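K.L.:
Sequence below, structure please.
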Amino acid sequence: MAHGIRTWLVAIHLLVLAIPLVRAGEPLRDRRAFAEAMNKIKEGMPEAEVIALVGQPDDVSTDKDWGGSLGHVQRILRYGASGHLKAATLGQIWIDDDHRVRNVFGRGTPPPEGLFTEPELRRLLEALNELPGLNGSHYNPRPVIRAVNLLQPLGKEKSLAAIDEFLRVSFQFTEHNAREGLFLVLRTLFEVPSVRTVFP
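P.N.:
Sure, this is the predicted structure:
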């Protein structure tokens, strides 16, 4: 009996280990086509219609992942995520208790074609997603330094395009308050004009 249980546990363990390898080999979604599909999603749309439009999510988070702060949101369908609670680099859809869309993050227009490769853009979005908020008691500057080091060599146009894309696809209150953390990235990347009408 114990041998049979052990065999099942080993099989389950191997299956779990295999899942990320299978997902890693999947082709990346086309960002522009995915954004066009996201633009068709409206609040109140049934979840089944959402899945028909944009496919199965790469990750799903629930109220438990957010410490019970989601209210009447049953789950969040997260697209373009490389793992559980990793950056949803394509967007996310909040599903309420009635299995209908409550919020959509990822509508709009992605950067122009040819400006980034998809792996390059995902790397940037994942770095921006890790930015800490400004009021944390355990503030860590490393994610800010990493984001600046990735963006600075790209120049102004590409840096701002990556930041715009992050704002397009991300929920305004990410786990680390990353949008708030963008403030220091922008202050580090760009010089503020020395005129009194500009906020320092």
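
K.L.:
if I read this right, residue 181 contacts residue 144, doesn't it?
P.N.:
Yes - with contact defined as C-beta atoms under 8 Å, residue 181 reaches residue 144; the gap is 6.6 Å. C-beta here means a position set from N, CA and C on the backbone, and glycine is covered the same way.

K.L.:
Mutual contacts of the two, please.
P.N.:
131, 132 (C-beta atoms under 8 Å, 6 or more residues apart in numbering).

K.L.:
quick one: residue 39 from residue 123, how far?
P.N.:
According to C-beta to C-beta, to the nearest Å, residue 39 and residue 123 sit 25 Å apart.

K.L.:
One more: residue 162?
P.N.:
Taken as C-beta to C-beta, the span from residue 162 to residue 123 is 10 Å.

K.L.:
The two: which has the busier surroundings?
P.N.:
residue 162 (24 against 16; other C-beta atoms under 10 Å).

K.L.:
Can you tell me the element that one falls in?
P.N.:
Using DSSP states H and E, residue 162 falls within helix 155-169.

K.L.:
Could you give the separation of that helix from the chain centroid?
P.N.:
14 Å (C-alpha atoms, centre = their mean, to the nearest Å).

K.L.:
Then stretch 137-150?
P.N.:
Taking mean C-alpha positions (C-alpha atoms, centre = their mean), stretch 137-150 and its chain are 17 Å apart.

K.L.:
try stretch 43-51
P.N.:
Distance of stretch 43-51 from its chain centroid, counting by C-alpha atoms, centre = their mean, is 20 Å.

K.L.:
and for it, what are the contacting residues?
P.N.:
Stretch 43-51 is contacted from outside by 41, 77, 93, 95, 99, 100, 101, 102, 103, 104, using C-beta under 8 Å, 6+ apart.

K.L.:
In PyMOL, how would I select the buried members of those residues?
P.N.:
The following PyMOL line selects those of the contacts of stretch 43-51 that are buried, judged by 16 or more other C-beta atoms under 10 Å:
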select buried, resi 41+77+93+95+100+101+102+104
